[in-house]
Structure formats: C-alpha cells, structure tokens
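Enquirer: pasted the sequence and its predicted model underneath.
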Amino acid sequence: MCGIFGYIGRSEATPILIDGLRRLEYRGYDSAGVATLANGVMELRKCAGQIASLTQMVQKDPPHGTSGIGHTRWATHGRVTDENAHPHLDQSGKLALIHNGVIENFQQLRDQLLSHGHTFRSETDTEVLAHLIGYIFDGMGGPRNKQNLLDAFRLALKQVIGTYGLALFHVDVPDVVLGARRGSPLILGVGKGQNFIVSDVSAIVAHTRDVVYLDDYDVVSIERNQFDIVSLAGADISFQVSKVDFTTEDVDKGAYPHYMLKEIFEQPNAMRDAMRGRLSTEECTAKLGGLNMSSRELRDVDRIVLTACGTALHAARLGECLIESLAQIPTEVEFASEFRYRNMPMNKDTLVFAISQSGETIDTLAALRESKRKGHRTLGICNSVGSTIPRESDGGVYMHAGPEIGVAATKSFTSQVVVLTLLALLLGRIRHLSSAQGIEAISALESLPDLARQVLDESARIEELAGKYTDAAGFLFFGRQYNYPIALEGALKLKEISYKFAEGHPSAELKHGVIALVGPDVPSIMIAPDDAVYEKNINTLEQIKARKGRVIAIATEGRKQIAGLADDIICIPKCPDFISPILAVIPLQLFAYHLAVKLGCDVDKPRNLAKSVTVE
Ligand code: G6P
C-alpha cells in the first residue's frame with residue numbers, strides 16, 4: 001500500500017506535494033518521489049527512504065511547476081531501491097505515473113512491451129503500466145490533447161488485471177493530471193483554482209474540505225478550474241461532493257511527540273464520540289440507525305459472522321464474547337483473508353459485519369464482497385467516513401474516532417469495541433435482557449471515558465516500568481474470556497512497534513506448551529482484573545512464578561493478593577467484567593509505546609508495516 005498525491009493549481013507544487021506526502025507517510029515509507037511540470041519540462045526527484053530523505057533532496061534542487069504528482073511507497077513488487085521508487089516514466093520519458101496497488105498481469109504486459117523494444121529501469125509493475133499508457137498514447141497519432149491522453153489511459157486500464165489507485169501527467173498535455181481507481185482508495189479534492197487527487201482526505205484538509213470519494217472504475221481528470229469524472233468505458237457518471245468533517249488540527253500531532261501517544265490519549269473522547277446519541281435511557285438500549293434494520297429483522301438474526309484483519313480482528317474477538325454473552329446469538333470470528341476463500345456455511349439469517357478502521361483493507365473488502373455476492377446482509381463497522389467498505393455495505397456503524405495516523409491502531413480498537421458493545425446491548429435488549437440490565441450496561445458504558453482517563457494518568461509510571469524491561473528477549477501475554485483478545489492485542493502492539501517477540505494466549509493454555517518459553521528472560525503480562533476468572537488467572541500466575549518467570553499484572557485496584565505475587569502491577573479501576581478489556585488494553589498500549597521509545601524505535605512508522613493494507 002502506498003500514498004498518492006496529485007496537484008494542479010497556481011502555487012508551486014513541490015511544497016504542497018511534500019506536505020501531502022508527510023501526511024500520507026503512514027501508508028508506506030520505503031521510498032518517496034515527486035514529479036512536477038513547468039514550461040514543458042518534467043522534473044523528477046525520488047529516492048529510497050522516508051519523506052525526510054526526499055525533502056533533503058528537493059531542498060538542494062527544488063523541482064518547479066504548478067502541477068505535479070507525489071508518492072510514498074510500501075514495497076510490493078520490487079525491492080526498496082531508488083529505481084523502484086515512484087513516479088515511473090514511460091518509454092518516451094514524458095509520462096509520469098504513481099500507483100497504489102498491484103498489477104497482477106504485469107509480466108505478460110511487460111513481455112509484450114519488451115517485444116516492441118521497450119526497456120525498463122525498475123522491477124515494478126507500475127513502470128510497466130506507465131509504458132503501456134505511453135505506448136497507446138503515442139500510437140494514437142491524433143492531437144496530443146487531454147481527450148486522447150484520457151482515452152489512452154482508459155484503454156490501457158482495460159488491459160490491466162489487478163488493483164490500482166493512480167495519478168499521472170504527460171509533458172505534452174501540461175494542464176491536466178489524470179487519476180483512476182480500482183480496489184485502492186482515491187479521492188478528488190475540489191479547491192478554488194486548484195484541484196487534488198489523493199489516497200486519503202487527511203492529506204488535503206489544509207487546502208480543501210470538499211471532496212468526491214471516487215468509486216472503482218472511475219477515471220478523473222483535474223485542471224486548475226475544473227474536473228471531470230467518467231467511467232472506464234468513457235461514459236459520464238454522477239457523483240456527489242461531500243464535506244470532510246475534520247480539520248488540520250485533527251491530523252496534526254499537537255504537543256505530543258508521536259501520533260500514537262496522541263491517539264492513546266484521545267481515547268476517552270473517541271469513546272464518547274462512538275456512543276454519542278446512541279444510548280437511550282428511556283428504552284434502556286442502544287440505537288444504531290445506520291444498520292438499516294428493523295427490530296423484527298434484528299430479532300430474526302440467528303448467527304453473526306465478524307470478519308476483519310489485524311487489530312480490528314482482535315476487536316471482533318471481543319465482539320464475539322460480548323454478543324454471545326449479552327445477546328446469546330452464536331457469533332463467529334474469521335480472518336477476512338480466510339473468509340474470502342473459505343466456503344463458510346451460512347444461512348439466510350446470518351448477519352455479517354466487516355470491521356475496519358480504514359474501510360479500505362483489501363482482504364476485509366474482499367470478504368464483504370464475497371458475503372454480499374452470496375446474498376447475505378453485510379454491514380460495516382468503520383472509522384474512515386466515505387471509505388469503500390461503508391459505501392459497499394448494506395449499512396453499518398461509523399466509529400467516529402477521528403483520523404488515526406499512527407500505524408499501530410489504538411483509539412480505533414477501543415472505539416470498535418465500544419461500537420460492538422452497543423451492538424451487543426441492542427441485540428440483547430430485543431431478546432432476553434431486561435430494562436434493568438439495559439440501564440446497568442448503559443451506566444457502565446457512560447462511566448467508561450472517565451475510567452479510561454484514570455488509566456491514562458498512569459502513563460508516567462508505566463514509562464518507568466517499561467524501562468525495567470528493555471532487556472527482555474520477548475513477552476508472553478495472558479488473559480481469559482473478555483481479556484483473551486486483549487492478550488492478543490497487547491502482544492500485537494508490542495511486536496509491531498518494539499520488534500520484541502510477543503505472543504498472546506488464553507491463560508489456561510500456559511500449561512499446554514507455552515510454559516516451555518517461561519523463564520527470567522521472557523516476562524509475562526497477566527491481564528487479571530477482578531472478574532469471574534480472577535482466581536483462575538492467579539493459578540496461572542503462580543505457575544509462571546514457579547518457573548522463575550517475571551510477571552507484570554494488569555489488575556483491579558485494591559487487590560492485595562495479586563499485588564503480592566506479581567513483580568510489577570498496573571492497576572485499572574473497578575468496573576463490570578465486560579468493560580474491563582477496554583480499560584485493560586490502555587496500559588498495554590502505553591507499555592508498548594514507552595518500551596519502543598526507550599529502544600529507539602520509530603513508533604509512528606514501524607518497519608515493514610503500513611497503516612492499511614490495500615493489496616492482497
Ligand atoms: C494493517 C495495520 C493494522 C490494522 C490492519 C487492519 O495490518 O498495520 O494496524 O489493524 O491493517 O486495518 P483496518 O484499517 O482494516 O482496521
């Protein structure tokens with residue numbers, strides 16, 4: 001997955017492109033590049049490394065022009081090298097192209113072009129596409145104008161198998177930048193005397209908040225004062241200009257050293273926003289109008305499938321516990337990447353949810369499409385407004401967590417869990433939950449942001465604690481029932497950003513193999529709040545101590561027994577069982593963050609990762 005930024009206007013393009021790329025850098029940071037166009041001359045700068053390296057390069061030798069394209073790469077086809085950095089040029093060197101996605105039939109297209117005498121400088125699929133578009137354009141023989149360039153672009157795309165979000169310009173058609181999408185996000189930003197093509201709105205909110213979320217097979221052309229959108233077949237299409245509901249402040253780090261820390265601290269507000277207007281004390285339930293389902297339809301649901309990837313999958317695992325215990329509906333969680341190829345038995349009353357922060361993860365999107373193709377009602381739980389999953393689903397719930405830029409997901413996780421709790425409450429209340437139980441759940445949810453704030457107050461102490469564990473070879477995370485998914489998520493956070501080996505397990509599985517790893521070098525993090533399985537967790541803890549393992553416990557304040565057994569303890573406030581995982585994950589996020597910072601890791605841009613994976 002990569003970030004794309006195309007610009008045409010009256011200002012110098014390079015500073016706008018570089019600022020846009022910085023904001024898109026969370027999408028990939030293996031290499032970066034820009035190409036601009038001034039007075040019929042293309043200027044290209046690109047290099048392996050983060051945007052900072054490209055910035056140094058353009059400061060020394062700035063490319064000029066009031067239009068251009070910029071790219072930040074997460075490598076798929078081809079190693080991380082200067083040559084493989086985008087933009088890529090066609091054979092004539094006049095067409096520059098940037099790409100997010102994978103061209104699956106690139107080898108076949110490359111062979112065809114080689115037979116026509118083309119030579120390639122990189123190992124990428126993107127360069128092949130640049131050559132193909134240029135080859136068709138040059139072969140058209142007609143005037144070198146926008147219409148012919150657009151036609152060549154469309155004809156080339158018809159030969160492509162795979163996914164793409166694209167932007168390009170051609171030296172012979174100087175006043176236009178073209179874009180197209182299939183399977184990778186692309187957004188048109190509508191400005192005054194300037195227009196944009198980007199992978200994510202957060203990159204352009206400083207310039208405009210008017211956007212068109214492009215659909216698959218849309219082809220867009222932008223000029224200074226106008227834009228056009230046609231289908232891949234060349235037909236006019238209808239579209240809607242939407243207003244982005246956040247500002248640059250929401251996508252800046254503010255006083256925080258990292259986006260991740262800012263987003264961890266934003267959780268109390270994000271939780272409030274996920275619940276806002278959705279709790280009814282009158283009916284003692286949650287209201288989720290976006291599901292587009294009547295109470296009768298919801299009551300007929302006899303099975304739920306939750307599908308997602310990464311952190312969202314861990315939220316789904318918690319959703320499974322919540323829905324089963326509050327609503328008693330059989331619920332199954334499946335990796336989106338498995339769901340899309342698995343022939344899971346489902347009946348007509350099975351309801352499918354695709355959960356995704358970005359709303360663009362290709363495996364989750366493919367799972368949604370497969371479920372819809374089979375005729376199942378498929379809903380989304382997403383954060384990014386206007387992204388593909390919410391647009392293609394039959395309904396759903398927005399998380400309203402605000403932009404999440406840190407690659408390691410934090411506030412999106414707790415918001416997803418809050419939304420899943422609302423869903424469980426709603427489903428429970430149209431089945432067996434009494435109004436008194438509904439009110440109890442509502443007051444627990446309403447207390448959550450303040451309790452989360454109390455946990456955040458422990459950040460300095462957790463930082464100190466992390467300092468004691470920098471030498472650990474790896475970490476084991478244990479939790480049970482509601483807190484087993486938290487063990488998974490805690491381990492994921494730690495490995496993502498600190499590169500320490502970490503695994504999450506159900507506590508009782510310790511004795512079935514994992515115990516072989518326990519020892520002084522591999523500390524355990526035991527999530528053991530005051531819940532129905534507290535005593536069982538204490539057993540596990542004793543077993544770890546008997547094997548000379550160090551233990552950090554996440555426990556409810558005031559519990560003396562666990563405090564006496566564990567080497568270190570982080571307390572969370574007393575709360576109902578189903579709320580405890582949302583509080584227990586916060587110290588684990590902070591522990592991973594502080595440990596990674598102490599180890600000198602780049603927490604906002606962990607190696608090899610991308611915020612949202614839009615390629616298979
Ligand atoms: C990538 C990210 C993870 C994220 C997962 C799913 O792997 O690195 O942090 O949880 O994608 O992303 P989504 O946007 O679908 O929630």
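Expert: That came through, no problem. Numbers count the residues shown, from 1 in each chain.
Enquirer: in this structure, which residue sits nearest the ligand?
Expert: Of all residues in the chain, Gly310 sits closest to the ligand, at 2.7 Å by CB to the nearest ligand atom. C-beta: built from backbone N, CA, C; applies to glycine.
Enquirer: quick one: contacts for that residue?
Expert: Shown here is Gly310, whose contacts under the criterion CB atoms under 8 Å, 6 or more residues apart in numbering are Thr361, Ala409, Leu492.
Enquirer: those residues into JSON lines, with extra columns for pLDDT, secondary structure and neighbour count?
Expert: Shown next, in JSON lines, are the contacts of Gly310 (pLDDT from 0 to 100; DSSP: H, G, I helix; E, B strand; the rest coil; neighbours: other CB atoms under 10 Å):
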{"residue": "Thr361", "pLDDT": "94", "secondary structure": "coil", "neighbour count": "28"}
{"residue": "Ala409", "pLDDT": "97", "secondary structure": "coil", "neighbour count": "29"}
{"residue": "Leu492", "pLDDT": "98", "secondary structure": "helix", "neighbour count": "23"}
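Enquirer: where's the closest residue to Leu109 other than its chain neighbours, which helix or strand?
Expert: Distances taken as CB to CB, 6 or more residues apart in numbering put Val128 closest to Leu109, at 5.1 Å, once the chain neighbours are dropped. Taking DSSP states H and E as the criterion, Val128 maps to helix 125-140.
Enquirer: any buried residues in that helix, and which?
Expert: 125-138 (16 or more other CB atoms under 10 Å).
Enquirer: any low-confidence regions in the stretch 101-250 of the chain?
Expert: The model of the stretch 101-250 of the chain has no residue with pLDDT under 70.
Enquirer: how about the strands in it?
Expert: With strands called from DSSP state E, counting those that start in this stretch, the stretch 101-250 of the chain shows them at 164-170, 173-182, 187-190, 195-198, 210-213, 218-222, 227-231, 242-243.
Enquirer: packing partners for the third one?
Expert: On a contact count with 3 or more CB pairs under 8 Å, 6 or more residues apart in numbering; DSSP states H and E, strand 187-190 meets strand 195-198, strand 210-213, strand 227-231.
Enquirer: near the ligand, which residues of the stretch 201-350 of the chain show up?
Expert: Residues of the stretch 201-350 of the chain found near the ligand (CB under 6 Å from any ligand atom) are Cys309, Gly310, Thr311, Ala312.
Enquirer: for the residues you listed, give me a markdown table that also has pLDDT.
Expert: A markdown table is the format used below for those (pLDDT from 0 to 100):
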| residue | pLDDT |
| --- | --- |
| Cys309 | 97 |
| Gly310 | 97 |
| Thr311 | 98 |
| Ala312 | 98 |
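Enquirer: in the helix-or-strand element of the chain with minimal mean pLDDT, what's buried?
Expert: Sorted by mean pLDDT, DSSP states H and E, the helices and strands of the chain end with helix 560-565, the least confident at a mean of 89. Within helix 560-565, the residues scored as buried using 16+ other CB under 10 Å are Ile562, Leu565.
Enquirer: give me the buried stretch members for the biggest helix by length in the chain, please.
Expert: The residue-count maximum for a helix in the chain (DSSP state H) belongs to helix 435-456. Judged by neighbour count (16+ other CB under 10 Å), helix 435-456 contains these buried residues: Gly438, Ala441, Ile442, Ala444, Leu445, Leu448, Pro449, Leu451, Ala452, Arg453, Val455, Leu456.
Enquirer: can you check stretch 424-436 too?
Expert: Ala424, Leu425, Leu426, Leu427, Gly428, Arg429, Leu433.
Enquirer: and if you look at stretch 339-356?
Expert: For stretch 339-356, the neighbour count (16+ other CB under 10 Å) marks Phe339, Arg340, Met344, Met346, Thr350, Leu351, Val352, Phe353, Ala354, Ile355, Ser356 as buried.
Enquirer: okay, these in JSON lines with distance to Leu21 next?
Expert: Shown next, in JSON lines, are those (distance: CB to CB, whole Å):
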{"residue": "Phe339", "distance to Leu21": "34"}
{"residue": "Arg340", "distance to Leu21": "31"}
{"residue": "Met344", "distance to Leu21": "40"}
{"residue": "Met346", "distance to Leu21": "42"}
{"residue": "Thr350", "distance to Leu21": "43"}
{"residue": "Leu351", "distance to Leu21": "40"}
{"residue": "Val352", "distance to Leu21": "36"}
{"residue": "Phe353", "distance to Leu21": "34"}
{"residue": "Ala354", "distance to Leu21": "29"}
{"residue": "Ile355", "distance to Leu21": "29"}
{"residue": "Ser356", "distance to Leu21": "24"}
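Enquirer: just those: which are in strands?
Expert: Among the buried residues of stretch 339-356, the members found in strands (DSSP state E) are Thr350, Leu351, Val352, Phe353, Ala354, Ile355, Ser356.
Enquirer: export those as CSV, with columns for pLDDT and distance to Pro268.
Expert: Converted to CSV, those look like this (pLDDT from 0 to 100; distance: CB to CB, whole Å):
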residue, pLDDT, distance to Pro268
Thr350, 96, 35
Leu351, 97, 30
Val352, 98, 31
Phe353, 98, 25
Ala354, 98, 27
Ile355, 98, 21
Ser356, 98, 23
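Enquirer: nearest to Thr163 among the residues you listed?
Expert: Checking those against Thr163 by CB to CB gives Ser356 as the nearest, at 16.0 Å.
Enquirer: residues touching that closest one, list them.
Expert: Applying CB under 8 Å, 6+ apart to Ser356 gives the contacts Ala308, Cys309, Ala312, Thr364, Leu365, Gly380, Ile381, Cys382, Asn383, Ser387, Ile389, Ser612.
Enquirer: among those residues, name the ones in helices.
Expert: Ala312, Thr364, Leu365, Ile389.
Enquirer: do I have it right that the residue nearest to Leu109 meets Arg110?
Expert: Yes. Under the criterion of CB atoms under 8 Å, Val128 makes contact with Arg110 at 4.6 Å.
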